[in-house]
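A.B. asks: Here is the input, now give the coordinates:
(chains A and B, ligands or ions: 3)
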Number of protein chains: 2
Amino acid sequence: MASFVSTGKKIIAIGRNYVDHAKELNNAVPKEPFFFLKPTTSYVANRGKIEIPKGVVAHHEVELAVVIGKSGRDIPAHSAGAHVAGYALAIDMTARNVQDAVKKKGLPWSTAKGFDTFCPVSPFIPKTVIQDPHNLSLWLKINGQFKQKGTTADMIFQIPRLIEHISSIMTLEENDVILTGTPAGVGPLAAGDTLTAGLALPHNDETIAMLELS
Amino acid sequence: MASFVSTGKKIIAIGRNYVDHAKELNNAVPKEPFFFLKPTTSYVANRGKIEIPKGVVAHHEVELAVVIGKSGRDIPAHSAGAHVAGYALAIDMTARNVQDAVKKKGLPWSTAKGFDTFCPVSPFIPKTVIQDPHNLSLWLKINGQFKQKGTTADMIFQIPRLIEHISSIMTLEENDVILTGTPAGVGPLAAGDTLTAGLALPHNDETIAMLELS
Ligand SMILES: [Mg+2]
Ligand SMILES: [Mg+2]
Ligand SMILES: [Mg+2]
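C.D. replies: Numbering: from 1, shown residues only, chains lettered A, B, ... in the order given. Ligands and ions are numbered 1, 2, ... in the order given. As a prediction, this is how the structure comes out:
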């Protein structure tokens, strides 16, 4: 399963799954989950480099990633857990100016979300390490300054519901990844900035995944 | 390469690449190519069945598919040919009512384009069979009646330009597929309908790929 980055075929990313983030971009809070696809060519490993294309305002969105372990279609929420192999920490990098432009025109988000290196991702975390994926701290710093600090307890739609929704449309396959949305605080990453992010258990703040990229 | 359906990771689909199709849906003719991603779980082979989800108006879009044979990033148009392994005939099935709704809201197209079985595809056609991919006939019939009849000569952006554009954003990998857009005549497929489609060489109308699905 540690090979999800090299063998996985889909990254399904949920939009607006935290109320405070939906509001900071003046978006409506969704009544049902929605998602977009990122290509797996956007993956970049920890300590890699995020390439910011010319003319792009690249925003960071720190997110809990769910790694699928068992294929399925029309998976009911109550049995979704059996399809999860584990987790990872990921950044859903977004060309915000491109996204703003295509949203106005009703065009797809694929370019805005799909550049190479726009999905930094940590090593695989087996699900045995995480008792409750809806009680984790998520944070992100730029140049050592906190920009995002949230808890997965604030997700509008929890993971079983996300799996039910996505798999009602498309088969989820082993090593597919679901990005579960970002808390508030998204903002630009500039050339030369250092981005660090972490995922932690809440009771003793034990860090279970870290990312550091420039 | 015949295994692109089982091993490929990306389907990159170009929107509005034929003037008459852009106009029939009251869309502007694009000044540069744009694309969306379909998941590879949407592939269905010839003689398979297209599942139309409840409440979905499923439109057919017959398209020439380009199968990538050699990975690349920032591929200039003049060397794009070396990255093409061959072709296929494909249908970009589209939940048109879902697409109309998300376009109005500035939301992603991923659900509208991404249902299982929404990418019927023919067997692989090696590029040696096709001397000029921009001089092929494309047609589609519903229950024996012509609905779409076009020529790839009418593409707004030709294949080398598409490869240059896409690979300026994301790495193209072996077995990735590019759907190159559809000519006019798109319309609904109803349960029980039979869909047939063909790709032909123009000089003697020799058919080089056929699809038949219900
Ligand atoms: Mg996001
Ligand atoms: Mg999209
Ligand atoms: Mg199409």
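
A.B. asks: How about the residues of chain A by ligand 1?
C.D. replies: A:61, A:92, A:182 (CB under 5 Å from the ion). C-beta coordinates here come from the backbone N, C-alpha and C atoms, glycine included.

A.B. asks: mind checking how far the second one is from chain B?
C.D. replies: Pointing back at A:Asp92 there. Distance of A:Asp92 to chain B, computed by CB to the nearest CB, to the nearest Å: 13 Å.

A.B. asks: And that residue, how close does it get to ligand 3?
C.D. replies: With distances taken as CB to the ion, to the nearest Å, A:Asp92 is found 26 Å from ligand 3.

A.B. asks: Make a markdown table out of the residues of chain A next to ligand 1 and add neighbour count and pLDDT.
C.D. replies: Supplementary listing: those in a markdown table, determined by neighbours: other CB atoms under 10 Å in any protein chain shown; pLDDT from 0 to 100:
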| residue | neighbour count | pLDDT |
| --- | --- | --- |
| A:Glu61 | 24 | 98 |
| A:Asp92 | 26 | 98 |
| A:Thr182 | 29 | 97 |
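
A.B. asks: Which of those residues sits closest to A:Ser71?
C.D. replies: Nearest to A:Ser71 among the residues of chain A next to ligand 1, counting by CB to CB, is A:Asp92 at 23.6 Å.

A.B. asks: And the helices in chain A?
C.D. replies: With helices called from DSSP state H, chain A shows them at A:4-7, A:19-24, A:96-105, A:110-114, A:159-167.

A.B. asks: what pLDDT does the nearest residue to A:Gly181 once chain neighbours are set aside get?
C.D. replies: The shortest distance from A:Gly181 to any non-neighbouring residue, by CB to CB, 6 or more residues apart in numbering or on different chains, is to A:Asn17 (2.7 Å). At A:Asn17, the model reports a pLDDT of 96.

A.B. asks: give me the number of residues near the residue nearest to A:Gly192 when sequence neighbours are not counted?
C.D. replies: Residue nearest to A:Gly192 in three dimensions, not counting chain neighbours: A:Ser214, with 7.3 Å by CB to CB, 6+ apart. By the criterion of other CB atoms under 10 Å in any protein chain shown, A:Ser214 has 14 neighbours.

A.B. asks: among the helices of chain A, which gets the worst mean confidence?
C.D. replies: Note on those: helix A:19-24 shows the lowest mean pLDDT, a mean of 85.

A.B. asks: Show residues contacting that one.
C.D. replies: Residues from elsewhere that reach helix A:19-24 (CB atoms under 8 Å, 6 or more residues apart in numbering or on different chains): A:16, A:28-30, A:61, A:150, A:154, A:156, A:181-186.

A.B. asks: what does stretch A:80-88 give?
C.D. replies: Contact with stretch A:80-88 is made by A:1, A:4, A:64-72, A:75, A:121-127, A:129-130, A:133, A:159-160, A:163-164, A:172, A:174, A:177, A:199, A:209, as judged by CB under 8 Å, 6+ apart.

A.B. asks: hmm, try it at 7 Å
C.D. replies: By CB atoms under 7 Å, 6 or more residues apart in numbering or on different chains, the residues outside stretch A:80-88 that reach it are A:1, A:64-70, A:72, A:75, A:121-127, A:130, A:133, A:159-160, A:163-164, A:172, A:209.

A.B. asks: Now, of these, which are buried?
C.D. replies: Neighbour counting with 16 or more other CB atoms under 10 Å in any protein chain shown marks A:1, A:64-69, A:72, A:75, A:121-122, A:124-125, A:127, A:130, A:133, A:159-160, A:163-164, A:172, A:209 as buried within the contacts of stretch A:80-88.

A.B. asks: who's sitting farthest from the centroid in chain A?
C.D. replies: Going by CA atoms, centre = their mean, the residue of chain A most distant from its centre is A:Lys105, 24.7 Å out.

A.B. asks: For that one, give its distance to B:Pro30.
C.D. replies: 10 Å (CB to CB, to the nearest Å).

A.B. asks: Give the residues shared as contacts by those two.
C.D. replies: Joint contacts of A:Lys105 and B:Pro30 (CB under 7 Å, 6+ apart) do not exist.

A.B. asks: dump the residue contacts of the closest residue to ligand 1 within chain A.
C.D. replies: Chain A approaches ligand 1 most closely through A:Asp92 (3.4 Å), counting by CB to the ion. By CB under 7 Å, 6+ apart, the contact list for A:Asp92 reads A:13, A:61, A:63, A:119, A:179, A:182.
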